[in-house]
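Engineer: Test case, fold it:
(2 chains)
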Amino acid sequence: RKEVEQDPGPFNVPEGATVAFNCTYSNSASQSFFWYRQDCRKEPKLLMSVYSSGNEDGRFTAQLNRASQYISLLIRDSKLSDSATYLCVVNMANTGFQKLVFGTGTRLLVSP
Amino acid sequence: DTGVSQDPRHKITKRGQNVTFRCDPISEHNRLYWYRQTLGQGPEFLTYFQNEAQLEKSRLLSDRFSAERPKGSFSTLEIQRTEQGDSAMYLCAPREGNTGELFFGEGSRLTVL
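Structural biologist: Numbering: from 1, shown residues only, chains lettered A, B, ... in the order given. Here you go, the predicted structure:
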């Protein structure tokens, strides 16, 4: 089983739609979680951290389910500019070292 | 501007040649990561530095790969005797201490012919 798994998509949605991505992780001791966004041929950039209690930033909501070992990202009222690849990142618990493992990314295409 | 400069941005080389990439963070970060990314994949961890000490190295890195961070600031990644399978984007990412955020540079794209 991969350490971090994501549905690669692409997810094709119209403007204004709500879309959700899930990401599963294998190490139950993982401590912190992030969502990064990557535009085509650009470097990844932090979208938001994922807290145990869940967190929201405008149209974006991130949630963590430790029991089922997955995190989710919900995007409401999709904009054309949301088209990108969304990368799930998990900080694997590892003695003396913080290993940040990326998923393969989920591609989102928002159309007019 | 990510605050991380990587050089060169693009490198085309013939198989068997050596290449070196450099990463210069603008501000000081104790922790620095190198990743490799190929088309359609997420970044894959290569190696990690805490200050000048290389604390972890991925199994992906063969003996042809070496990385250094001599003064705990800039870092270099060298690939010896390049192979076509080394073609990828090499990303450097200092990590912010408080938030844990990775700040990626724009990357160095390697093409091995």
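Engineer: Phi first, then psi, for A:Leu80.
Structural biologist: A:Leu80 adopts backbone torsions of phi -60, psi -40, taken as degrees, to the nearest 10.
Engineer: Wait, it touches A:Ala17, no?
Structural biologist: No. Between A:Leu80 and A:Ala17 there is no contact, the gap being 11.6 Å when judged by Cβ atoms under 8 Å. C-betas here are computed from N, CA, C, even on glycine.
Engineer: which residues do these two both contact?
Structural biologist: Taking Cβ atoms under 8 Å, 6 or more residues apart in numbering or on different chains as the contact criterion, the residues that touch both A:Leu80 and A:Ala17 are A:Val110.
Engineer: Which residue of the two possesses the greater neighbour count?
Structural biologist: Looking at A:Leu80 and A:Ala17 with other Cβ atoms under 10 Å in any protein chain shown, you find the greater number of neighbours at A:Ala17, namely 15 against 10.
Engineer: Next, the contact list for that one, please.
Structural biologist: A:Ser78, A:Val110 are the contacts of A:Ala17 under Cβ under 8 Å, 6+ apart.
Engineer: Phi and psi next, for the residue lying farthest from the centre of chain B.
Structural biologist: In chain B, the residue that sits farthest from the middle, by Cα atoms, centre = their mean, is B:Asn98; the gap is 22.3 Å. When quoted as degrees, to the nearest 10, the phi and psi of B:Asn98 stand at phi -80, psi -50.
Engineer: Could you report the pLDDT at it?
Structural biologist: Predicted confidence (pLDDT) for B:Asn98: 76.
Engineer: same thing with the one 10 residues further on?
Structural biologist: The per-residue pLDDT reported for B:Ser108 equals 97.
Engineer: correct me, but it touches B:Ser5?
Structural biologist: No. Applying Cβ under 8 Å, one finds B:Ser108 not in contact with B:Ser5, separated by 10.5 Å.
Engineer: one step back: what separation is there between the residue farthest from the centre of chain B and chain A?
Structural biologist: As for B:Asn98, its distance to chain A is 11 Å (criterion: Cβ to the nearest Cβ, to the nearest Å).
Engineer: More neighbours: B:Ser108 and B:Ser5, which one.
Structural biologist: Relative neighbour count places B:Ser108 above the other of B:Ser108 and B:Ser5, with 22 against 16, counting by other Cβ under 10 Å.
Engineer: Could you check how far the more buried one is from B:Ala93?
Structural biologist: For B:Ser108, the distance to B:Ala93 under the criterion Cβ to Cβ, to the nearest Å works out to 13 Å.
Engineer: What parts of chain B come near chain A?
Structural biologist: With Cβ under 8 Å from any Cβ of the partner chain as the criterion, chain B meets chain A at residues B:2, B:31, B:33, B:35, B:40-45, B:48, B:55-56, B:91, B:95, B:99-102, B:104-107.
Engineer: quick one on the thing from earlier: any idea how far the residue farthest from the centre of chain B is from A:Glu43?
Structural biologist: In this view, B:Asn98 and A:Glu43 are 21 Å apart by Cβ to Cβ.
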